[in-house]
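Just a sequence and a predicted model for now, questions to come.
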Amino acid sequence: MAVNVISPGLSTTVQDLGRPGYYHLGIPISGGMDRYALRAANMLVGNDEGAAVLEAVFLGPELEFTAATTVAVTGGDLPPRLNGTEMPGWEAFPVKAGDRLTFGYLKGGARTCIAVSGGIDVPVTLGSRSTYTLGALGGHEGRALKAGDWLPMGVGKPAKGMVPHNLRRGPGNPAELRMLPGLYWHRITAEAGKRFFADTWKVAPEADRIGYRFRGGTALDFVPREPPFGAGSNPSNIVDACYPYGSVQVPGGTEPIVLHRDAVSGGGYMMLGCVISADMDLIGQLQPHAPARFVEVTMDQALAARADRQAALARVRAHLGR
Amino acid sequence: MAQLHSPLPGTFYRSSSPDKPPFKADGDAVAVGEVIGLIEVMKSFHEVKAEVAGANIRFAADNEEPVMAGAVLAEVD
């Protein structure tokens, strides 16, 4: 009962819903970059929504199954192929012992969840099976998969079903990332704040699970100040502070970085606010050079957006009879 | 004629550094497994190796051009 890794893809990791509760100690929440896709993949194969899956980014792995199970592939459009035959995404399909799963070129999105019935049964570390590669923690030996790895599968139950198209989600073009201004927003001028939301930015190629860097917009103008003790002289520096998940820091005032699942927990860059939780999954599906805009919302709008996402998940559950 | 594709989305580079000559010049022959360029993504550079052999390579993507996964980087005869 295992998945053999024939080739690992670019950076395929074991992820579940994450490892909350240790961020104050510097250990990030980790978990799937698109947790809606992760939950849907697990539902499709009959797992608990928080079971561990494989998250592949940009390039799919080649996997061999040593036992019959059910597989579902959701999230970014990395077309699955079973023994060379193209299979649908967002739909459960059975595999037999000896079957090989490969993937075509990425057609859209960035990250793909590969769920197997019973889940990827790596040891639980600090309450989660998620991989935090920088800290060599969790997942399979604390790292991205390598050729020759052997991943135990849990015992699953037969499952089938598909997630209808209207319940799949991906970023638009440009992606619209809703953001609640706050934190150190007062550090920039009103004019700079307007331009920040008006500009269309582009994902920098170095964006990863730690943070998504954007470039191409206008550099920020700061409100003059006397640097507080310990802040440093650059106007984007602050006295060290906690960094929330989703916070938007702008080192040097030039390129915003949205901190994501494997982020550092604190530091000395001012943050303009936070991308709302409802849109963090969209960031996980952005390719390098993808255009994106930040859209200002209020707390009420952010809470309504979160309720919308929860309602979408409830519709997936109802559709699949979970 | 055959096409050489990018396996990854990212930024395409034709040489290993700005002061080095390109891996392949237009018109060169290419063997299977030969490096024809690099793709930069997620803070690392990944070699693009030819999956088919051919003569007279012609690049379709420019140096430092953003590319999608599956994009045609070059053609060979």
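Noted; the coordinates are in hand.

drop to CA atoms for contacts and neighbour counts, all remaining ones
Noted.

Identify the residues contacting whichever residue of chain B sits closest to chain A.
Going by Cα to the nearest Cα, chain A is nearest to B:Met42 of chain B, at 4.0 Å. Contacts for B:Met42 (Cα atoms under 8 Å, 6 or more residues apart in numbering or on different chains) come out as A:205-208.

now with 10 Å?
Shown in contact with B:Met42 (Cα atoms under 10 Å, 6 or more residues apart in numbering or on different chains): A:10-11, A:57, A:204-209, A:212, A:288, B:10.

Kindly report the same for B:Ser6.
Shown in contact with B:Ser6 (Cα under 10 Å, 6+ apart): A:105, B:12, B:37-39, B:47-50, B:61, B:67-74.

Okay, strands next: where are they in the stretch 1-150 of chain A?
Assigned by DSSP state E, counting those that start in this stretch, the stretch 1-150 of chain A shows strands spanning A:2-7, A:13-15, A:53-57, A:62-65, A:69-77, A:80-82, A:85-86, A:93-95, A:100-103, A:108-116, A:150-152.

same question, chain B
For chain B, the strands defined by DSSP state E cover B:2-5, B:10-13, B:35-41, B:44-49, B:58-59, B:65-67, B:72-76.

Buried deepest among the ones you listed, which one?
Highest mean neighbour count among the strands of chain B (mean count of other Cα atoms under 10 Å in any protein chain shown): strand B:10-13, with a mean of 25.

Which secondary structure elements does that one sit against?
strand B:35-41, strand B:44-49, strand B:65-67 (3 or more Cα pairs under 10 Å, 6 or more residues apart in numbering or on different chains; DSSP states H and E).

I'd like the ones you listed as CSV, with distance to A:Pro158 appended.
Formatted as CSV, these follow (distance: least, Cα to Cα, whole Å):
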stretch, distance to A:Pro158
strand B:35-41, 38
strand B:44-49, 39
strand B:65-67, 40
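
For the strands of the stretch 1-150 of chain A, please prepare JSON lines with the additional fields mean pLDDT, mean neighbour count and distance to chain B.
Formatted as JSON lines, the strands of the stretch 1-150 of chain A follow (pLDDT from 0 to 100; neighbours: other Cα atoms under 10 Å in any protein chain shown; distance: least, Cα to the nearest Cα, whole Å):
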{"stretch": "strand A:2-7", "mean pLDDT": "97", "mean neighbour count": "20", "distance to chain B": "14"}
{"stretch": "strand A:13-15", "mean pLDDT": "98", "mean neighbour count": "29", "distance to chain B": "15"}
{"stretch": "strand A:53-57", "mean pLDDT": "98", "mean neighbour count": "28", "distance to chain B": "9"}
{"stretch": "strand A:62-65", "mean pLDDT": "98", "mean neighbour count": "22", "distance to chain B": "14"}
{"stretch": "strand A:69-77", "mean pLDDT": "97", "mean neighbour count": "27", "distance to chain B": "11"}
{"stretch": "strand A:80-82", "mean pLDDT": "98", "mean neighbour count": "19", "distance to chain B": "15"}
{"stretch": "strand A:85-86", "mean pLDDT": "98", "mean neighbour count": "12", "distance to chain B": "16"}
{"stretch": "strand A:93-95", "mean pLDDT": "97", "mean neighbour count": "20", "distance to chain B": "25"}
{"stretch": "strand A:100-103", "mean pLDDT": "98", "mean neighbour count": "22", "distance to chain B": "11"}
{"stretch": "strand A:108-116", "mean pLDDT": "98", "mean neighbour count": "28", "distance to chain B": "9"}
{"stretch": "strand A:150-152", "mean pLDDT": "97", "mean neighbour count": "19", "distance to chain B": "25"}
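
list the contacts for the nearest residue to A:Met280 once chain neighbours are set aside?
Nearest non-adjacent residue to A:Met280, counting by Cα to Cα, 6 or more residues apart in numbering or on different chains: A:Gly246, 7.0 Å away. If a contact means Cα under 10 Å, 6+ apart, then A:Gly246 has A:179, A:211-212, A:257-261, A:263, A:273-277, A:279-280, A:283 as its contacts.

Equivalent analysis for B:Val32, please.
B:49-54.

and what of A:Val71?
A:Val71 makes contact with A:41-42, A:44-46, A:90-95, A:101, A:114-119, A:159-160 under the criterion Cα under 10 Å, 6+ apart.

Give me the neighbour count for A:His140.
A:His140 has 26 neighbouring residues, counting by other Cα atoms under 10 Å in any protein chain shown.

Check whether the nearest residue in space to A:Gly232 that is not next to it in sequence sits in a helix, strand or coil.
Distances taken as Cα to Cα, 6+ apart place A:Ile238 nearest to A:Gly232, at 7.2 Å, with adjacent residues excluded. Per DSSP: H, G, I helix; E, B strand; the rest coil, the local secondary structure of A:Ile238 is strand.

Just the closest residue of chain A to chain B, please.
Chain A approaches chain B most closely through A:Glu206 (4.0 Å), counting by Cα to the nearest Cα.
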